[in-house]
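*Asks:* coordinates only, sequence not included:
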DNA sequence: GTTTAACCCTGCACGC
DNA sequence: TGCGTGCAGGGTTAAA
């Protein structure tokens, strides 16, 4: 389930591995993945012969800058990942788009559940893309200060988990990391944002940064379904360090109370009923 | 402004 | 063993 840390790992891997490479040709095996384009050709023609110049991230979106002033936008959805491969190894059945490079080797977009997508946009038209224009501040940016964060909370009365997962509020946090952040800050998912003391706001702010950085340090969460892997097919290890998510019935690492799983907004939410208040 | 539900799709568990 | 059914899973958006 790629969230900010997983997407950031992919961004870093791509930055090291594909910047400077020139695209030879592109194969789209499943048009659904490029659903914003009317035809395959409209997509592939804008990539063929182009050199990749830089890799950026906006929330959970990855932006591959091209030397044509176009940008290849990538969203991993729920089960997507990107892998570097040689043409020798046959692509598995969930490989939907293959980008071949002039220097050999290729980039494969793999996504079992097909919620991910790729599209090409002119760089100066990016701000007009609905999903990108509303993306809020990145919690790992320098400008995400404690003052800024507490300012965001002013006048809002929303449950904390809803707020954390709201990409218009802060970008990059999904179901797994929101549970971890709330556990780390000792706050319940259904606490209302305007009920926090300034000490609790500070704890939440710290937890957001620490948990996300931890996720990056451990190269992301790879669950049993193994849908997320880095560019080289290597699994992350953050799943071994989770304190709440996926630990239903297991003792809380702080107070030994069994972790509870609750159905919340059509999602699983894991928390400690004792030490998260 | 906030909450809820539905949708996207595949794999898997379950019952017959 | 094989088939059909139902549901989990995350992000987004439309509707309430």
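*Replies:* Everything's here; your move. Please read these numbers as outputs of a predicted model, since none were measured by experiment. Residues are numbered from 1 along each chain as shown, chains lettered A, B, ... in the order given.
*Asks:* which residues does the closest residue to residue A:190 other than its chain neighbours contact?
*Replies:* Take residue A:190 and drop its neighbours on the chain: the residue closest to it by CB to CB, 6 or more residues apart in numbering is residue A:159, 5.0 Å away. Bear in mind the C-beta positions are built from the backbone N, C-alpha and C, glycine included. Residues in contact with residue A:159 (CB atoms under 8 Å, 6 or more residues apart in numbering) are A:189, A:190, A:191, A:192, A:193.
*Asks:* what parts of the stretch 151-277 of chain A come near DNA strand C?
*Replies:* Within the stretch 151-277 of chain A, the residues that sit near DNA strand C (CB under 7 Å from any atom of the strand) are A:165, A:167, A:174, A:175, A:176, A:266, A:267, A:268.
*Asks:* OK, contacts around residue A:131?
*Replies:* A:61, A:75.
*Asks:* quick one on the thing from earlier: ok, and which of the residues of the stretch 151-277 of chain A next to DNA strand C reach DNA strand B?
*Replies:* Applying CB under 7 Å from any atom of the strand to those, those adjacent to DNA strand B are residue A:266.
*Asks:* identify, from the residues of the stretch 151-277 of chain A next to DNA strand C, the entry nearest to DNA strand C.
*Replies:* DNA strand C lies nearest to residue A:174 out of these, by CB to the nearest atom of the strand, at 2.4 Å.
*Asks:* what about residue A:124, neighbour count?
*Replies:* 9 (other CB atoms under 10 Å).
*Asks:* ok, now the one 4 residues further on?
*Replies:* Applying other CB under 10 Å, we find 10 other residues in the vicinity of residue A:128.
*Asks:* what does residue A:2 give?
*Replies:* Residue A:2 - counted by other CB under 10 Å - has 26 other residues nearby.
*Asks:* so who does it touch?
*Replies:* A:10, A:60, A:76, A:77, A:78, A:80, A:81, A:174, A:220, A:228.
*Asks:* could you redo the last one with a cut-off of 6 Å?
*Replies:* Contacts for residue A:2 (CB atoms under 6 Å, 6 or more residues apart in numbering) come out as A:76, A:228.
*Asks:* pLDDT score for it?
*Replies:* Residue A:2 carries a pLDDT score of 88 in this model.
*Asks:* how about the residues of the stretch 51-200 of chain A by DNA strand B?
*Replies:* Residues of the stretch 51-200 of chain A lying near DNA strand B (CB under 7 Å from any atom of the strand): A:93, A:94, A:112, A:113, A:114, A:115, A:156, A:157, A:158, A:159, A:162.
*Asks:* hmm, back to that, could you single out the nearest of the contacts of residue A:159 to DNA strand C?
*Replies:* DNA strand C has its nearest neighbour among the contacts of residue A:159 in residue A:189, at 13.1 Å by CB to the nearest atom of the strand.
*Asks:* quick check on the closest residue in space to that closest one that isn't next to it in sequence: phi, psi?
*Replies:* In space, and not counting its chain neighbours, residue A:189 is closest to residue A:161: 3.7 Å by CB to CB, 6+ apart. Backbone torsions for residue A:161, taken as degrees, to the nearest 10, come to phi -70, psi -40.
*Asks:* likewise residue A:67?
*Replies:* According to degrees, to the nearest 10, residue A:67 has phi -80, psi 10.
*Asks:* any idea how far residue A:101 is from the nearest residue to it once chain neighbours are set aside?
*Replies:* With CB to CB, 6+ apart as the criterion, residue A:67 has its nearest non-adjacent residue at 4.4 Å, and that residue is residue A:51. Computed as CB to CB, to the nearest Å, the residue A:51 to residue A:101 distance reads 10 Å.
*Asks:* check residue A:220 too.
*Replies:* From residue A:220 to residue A:101 the distance is 25 Å (CB to CB).
*Asks:* and these two? Which one has more around it.
*Replies:* The neighbour comparison of residue A:220 against residue A:101 (other CB under 10 Å) goes to residue A:220, with 28 against 17.
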